[in-house]
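*Asks:* Predicted model and sequence below, questions to follow.
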Amino acid sequence: MWACVAFVLLWIRSAGCAEKANMSKRIEYTAADFYERLLSGKMMFLYFEQQISPTISLFLVELEKSAEALQDYGVLVGKVSCQKEPVQTYCTEAKQQHAAFLFRGGREFTSFSLDTVFDVNSIVAEVLFAILGDEVKYVHTDADLLAMEKAAKGKKDIVLSYVRSLGTEEHRALMETAYVYGSKYQFILITGGPVLKQLRVNESPQLSRVWFLHCRVHSSSLTPVTSERCPLTQMRKALSTLNLHTFLQLLEAPLVSEVYVDPSSVPPPQSPYQLTPQVFLFSHPATEHLDLDTATTLAWRLRGLAMLLLVHRQSPAVKTPEKYNAAYRLPEMSSEVKYLTLHSLDDVLELFTKQEKGEQEEEDHVDEEEDSRLGELDDEVAAAVHKNRGHFQDMDSVTQLTSDNFHAEVAQSGLTVALFYLKWDAVSMDFLSSFIEVAERLEDSQVDDVHMCVVDCGEWTDLCAAQPGSAVPFRPIAAFPSVLLIRPQQSAQHYRGMLTGEALHRFIMMSRMASPVLLSTEEEVTSFLQEAPHPDLANNRPDRILGLIRTASQPGLPVFTEAAKSLRGEVLTGLLTDGLVEKWAAEYAADPPAVLLFPSWRKPTARPSVLPVDSSSKELLAHIYSALLPPVPELTVENLPSLLSLGKALLLLFVGEEEDEIGQRHNQALVDEMAVVVEQGGVRMERYLACWIHLGRTPAGMSVLGSYLGSMPPLPALVVTHLPTGDEVYQYPANTPVLASSVLHWLQRVEDGMEPPAGVLGGDSWPPASEFYDFLKIMDTQEAEPSPTDEEEVEAEEVNVEEHLVTKKRPDDHLDMNTKFHSEL
């Protein structure tokens with residue numbers, strides 16, 4: 001007998017081993033298999049195995065588990081043994097053994113660090129996340145969410161999900177649901193921060209959550225209504241594939257179902273609503289319409305929690321006594337109906353929210369122990385992790401500068417673009433990937449005169465904190481990330497534009513041109529004014545200026561040349577030689593030394609503006625920046641720093657998003673009237689910068705306007721702010737037509753102190769995210785000092801840290817781009 005038992009156990013074990021071996025064999029591809037499937041265009045998630053370690057072995061087990069799950073989504077999962085059949089592109093570098101690759105459409109689609117695909121849930125979640133690039137969006141701020149809500153209005157409903165961290169079971173559940181419903185709903189993912197605050201959720205909730213935003217339905221049918229936000233319904237159950245599927249199905253069910261039989265005769269809900277409670281309200285013939293309105297109101301408040309049915313009492317089949325006006329049936333007691341006499345709708349809500357609260361507290365208690373072991377993800381970090389999820393930074397296209405190789409590397413090129421970053425700073429890591437993309441783009445465009453470099457200031461603190469007077473051409477780096485443009489024998493130029501790849505690429509391409517460009521023929525002048533400096537900039541029309549200076553000895557030449565250096569990368573500058581100066585000066589009635597300005601917003605055939613060359617480059621720069629602006633510029637996130645740097649008070653018009661052509665004409669008329677204000681005001685308006693914000697294109701303007709006045713006023717709204725006399729904000733009388741004469745009269749009253757302020761600017765500033773410590777210098781200093789007593793040691797450490805903080809100073813030769821820079825504008 002025992003021999004038989006032993007035989008059976010051995011057979012089971014051998015069968016199990018055979019199954020595992022078959023599974024391993026099933027996901028193992030040869031090089032020929034890989035190229036065959038790659039050419040077929042199939043989606044593949046592959047790992048190229050170079051050598052085995054305990055970590056890799058654990059990953060391969062999870063990879064096998066994910067093969068069956070991803071097969072349902074058309075993704076082949078496998079591994080290729082590099083030792084047996086090396087694949088040239090993926091088996092040659094050691095760093096590739098720490099990554100898995102997703103192929104789509106016959107090419108590599110993206111790569112994932114093994115740190116982010118550590119088990120079957122994270123593998124499925126991250127792969128689907130990569131595939132569903134358009135169906136699942138990530139938002140960081142409430143302004144981003146509001147913009148997406150406005151875009152979805154009348155078109156699509158939104159499924160908004162908060163996931164505690166990426167790669168979890170909840171993340172997988174969301175991605176699997178998005179794969180099925182992605183064409184029907186817009187899925188949005190958040191991991192905390194400002195959006196949770198707007199949703200009135202605890203900053204560090206213990207559970208993942210889901211909200212359904214009703215953006216497709218007409219807002220007039222909802223109670224309460226808001227003009228800006230889509231009404232939302234929260235999913236009360238834990239985030240899982242089944243619960244989310246049931247929740248979405250429930251929201252597709254009729255809001256109110258009308259029945260003509262007794263509640264006890266109504267059958268329990270069928271799949272997929274079998275776990276949903278039923279609530280019954282009774283209707284009388286005399287109050288039928290009022291009862292339906294009441295039922296609809298309650299149904300919206302119970303949306304996603306229970307199904308509401310309206311029972312018509314005029315039907316003979318309804319036998320419920322008149323003393324009851326409501327009833328309910330719970331899913332666990334499908335045949336039992338309980339009858340109630342309610343005095344308000346809140347009684348029904350309390351009945352179900354109490355039950356929900358008890359279940360929620362029980363789930364929170366279970367998750368508390370787990371969450372105590374997990375670190376909290378800051379939303380800013382989560383945003384950077386999301387963008388860089390699943391792949392490591394490929395540094396092949398950039399040079400990593402150190403204290404040892406800095407001078408040798410910089411000397412190799414006429415233009416070195418260096419990014420100074422910190423690995424633990426989320427914004428730095430987010431921009432690092434954009435910086436690398438720019439480097440690759442330059443390489444693809446065969447731009448070989450720009451040297452793209454990066455400096456890890458957490459590792460090379462002595463280089464980043466180098467003091468003035470040392471061999472490096474820049475001051476200590478005090479804010480991260482920072483980008484410097486370094487040229488031989490010149491001071492470094494700070495890049496002060498947007499931290500996006502497109503903005504940096506445009507700045508670098510324009511910086512390659514000489515500033516100023518010497519123009520000696522009419523053909524050269526025509527080419528300078530009309531042609532793009534590079535094919536990659538064909539769609540961008542930059543501002544251009546021409547210097548009219550008769551001789552090299554004329555006093556204006558050094559001033560213009562210095563200003564041109566400061567404008568490099570932002571504005572194209574040219575300098576006419578002696579033969580052309582008189583001709584152009586006569587044509588445009590200019591008295592050299594002078595500057596001709598060709599702003600990008602004007603028509604190419606328009607006459608240029610003429611400016612005299614001032615006594616200093618700083619004054620000339622200020623006049624150039626002002627003259628390049630349109631009469632009433634549109635204020636955006638991109639141009640905000642440059643507009644504030646002018647140091648003028650803002651006469652700021654807020655306009656809403658247009659719904660039709662009539663709205664567009666109305667907004668344009670308001671902007672045109674602001675131009676009339678500037679024209680009629682003359683010299684008096686020089687102290688103001690008249691500008692406007694389109695709240696549809698710049699949604700952040702809504703929170704700015706609300707912070708100015710304490711609440712959202714009716715639109716359009718006109719305010720004056722950033723006055724030199726103080727931080728007061730004044731509002732033009734609401735519902736008063738915006739007419740030039742009225743606005744000028746109102747401004748005069750503001751200046752005379754006859755208008756009360758409507759608000760005050762916040763005093764918050766935006767300092768660097770983290771202080772910079774020269775760790776190496778601190779360590780060297782401490783090692784050199786004799787060992788003190790415990791008490792003295794503590795005191796010495798405190799002194800040393802304060803001593804070696806890098807002072808935050810800006811170069812004196814640049815315009816201050818942060819003049820009076822408040823947290824709100």
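*Replies:* Perfect, I can see it now.
*Asks:* Quick one: the helices in the stretch 151-300 of the chain, in order.
*Replies:* Secondary structure of the stretch 151-300 of the chain (DSSP state H, counting those that start in this stretch): helices at 169-181, 194-198, 241-252, 288-301.
*Asks:* Quick one: closest of those helices to Phe282.
*Replies:* Among the helices of the stretch 151-300 of the chain, the nearest to Phe282 by C-beta to C-beta is helix 288-301 (7.7 Å). The C-beta positions use only the backbone N, C-alpha and C, and glycine is treated the same way.
*Asks:* which stretches of the protein aren't confidently modelled?
*Replies:* Along the chain, segments meeting pLDDT under 70 span 1-26, 192-193, 202-206, 218-227, 333-334, 353-393, 468-469, 552-553, 659, 762-825.
*Asks:* re the thing from before, looking at the helices of the stretch 151-300 of the chain, which is nearest to Phe420?
*Replies:* That would be helix 194-198 among the helices of the stretch 151-300 of the chain, by C-beta to C-beta, at 27.5 Å.
*Asks:* Tell me the buried residues in the closest one?
*Replies:* Residues Pro194, Val195, Leu196 are the ones in helix 194-198 that count as buried (16 or more other C-beta atoms under 10 Å).
*Asks:* Just checking the distance from that helix to the centre of its chain.
*Replies:* When distances are taken as C-alpha atoms, centre = their mean, to the nearest Å, helix 194-198 is centred 14 Å away from the chain's centroid.
*Asks:* Could you do stretch 740-750 as well?
*Replies:* Centroid displacement of stretch 740-750 relative to its chain, using C-alpha atoms, centre = their mean, is 39 Å.
*Asks:* hang on, the earlier thing: wait, which of the helices of the stretch 151-300 of the chain is closest to Thr577?
*Replies:* Per C-beta to C-beta, nearest to Thr577 of the helices of the stretch 151-300 of the chain: helix 194-198, 55.1 Å.
*Asks:* where does Pro630 land in three-state SS?
*Replies:* coil (DSSP: H, G, I helix; E, B strand; the rest coil).
*Asks:* The nearest residue to it once chain neighbours are set aside - how many residues pack around it?
*Replies:* Take Pro630 and drop its neighbours on the chain: the residue closest to it by C-beta to C-beta, 6 or more residues apart in numbering is Trp601, 4.8 Å away. Neighbourhood size, Trp601 [other C-beta atoms under 10 Å]: 13.
*Asks:* Any figure for the gap between Trp601 and Leu484?
*Replies:* According to C-beta to C-beta, to the nearest Å, Trp601 stands 30 Å off from Leu484.
*Asks:* and what of His343?
*Replies:* Between His343 and Leu484 the distance is 71 Å, computed by C-beta to C-beta.
*Asks:* Looking at these two now, which is surrounded by more residues?
*Replies:* Leu484 (21 against 7).
*Asks:* Assign the residue sitting nearest the centre point of the chain to helix, strand or coil.
*Replies:* Of all residues in the chain, the one closest to the mean position by C-alpha atoms, centre = their mean is His140, 5.4 Å from it. Following three-state DSSP, His140 is assigned to coil.
*Asks:* Repeat that for the one 5 residues further on.
*Replies:* What three-state DSSP gives for Leu145 is helix.
*Asks:* In the stretch 451-600 of the chain, what residue spans correspond to helices?
*Replies:* According to DSSP H, counting those that start in this stretch, the helices that the stretch 451-600 of the chain contains are 461-464, 501-511, 522-530, 556-567, 578-587.
*Asks:* Name the residues of the shortest one that are buried.
*Replies:* Put plainly, it is helix 461-464. Within helix 461-464, the residues scored as buried using 16+ other C-beta under 10 Å are Thr461, Leu463, Cys464.
*Asks:* For the second one, which non-adjacent residue is spatially closest?
*Replies:* This means Leu463. That would be Ser403: by C-beta to C-beta, 6+ apart, it lies 4.7 Å from Leu463.
*Asks:* So the one you found, which state does it fall into?
*Replies:* coil.
*Asks:* That one and Thr461 touch, don't they?
*Replies:* No. Checked against C-beta atoms under 8 Å, the pair Ser403 and Thr461 is beyond contact range at 9.3 Å.
*Asks:* buried ones in stretch 632-651?
*Replies:* Burial within stretch 632-651, assessed by neighbour count using 16+ other C-beta under 10 Å, is assigned to 632-636, 640-645, 648-651.
*Asks:* Out of those residues, which sit inside helices?
*Replies:* Among these, the members falling in helices (DSSP state H) are Leu640, Pro641, Ser642, Leu643, Leu644.
*Asks:* now the second one: how far from Leu635?
*Replies:* Same thing as Pro641. Going from Pro641 to Leu635 by C-beta to C-beta gives 11 Å.
*Asks:* and what of the last one?
*Replies:* Distance check for Leu644 against Leu635: by C-beta to C-beta, it reads 10 Å.
*Asks:* so which of the helices of the stretch 451-600 of the chain gets nearest Val159?
*Replies:* Nearest of those (C-beta to C-beta): helix 501-511, 29.4 Å.
*Asks:* Identify the residues contacting that closest one?
*Replies:* 415, 417, 434-435, 437-438, 441-442, 447, 450, 483, 485, 493, 495, 497, 533-534, 536-537, 540, 542, 568-570, 572, 638 (C-beta atoms under 8 Å, 6 or more residues apart in numbering).
*Asks:* And that helix, what's buried?
*Replies:* In helix 501-511, counting by 16+ other C-beta under 10 Å, buried: Gly501, Leu504, His505, Arg506, Phe507, Ile508, Met509, Met510, Ser511.
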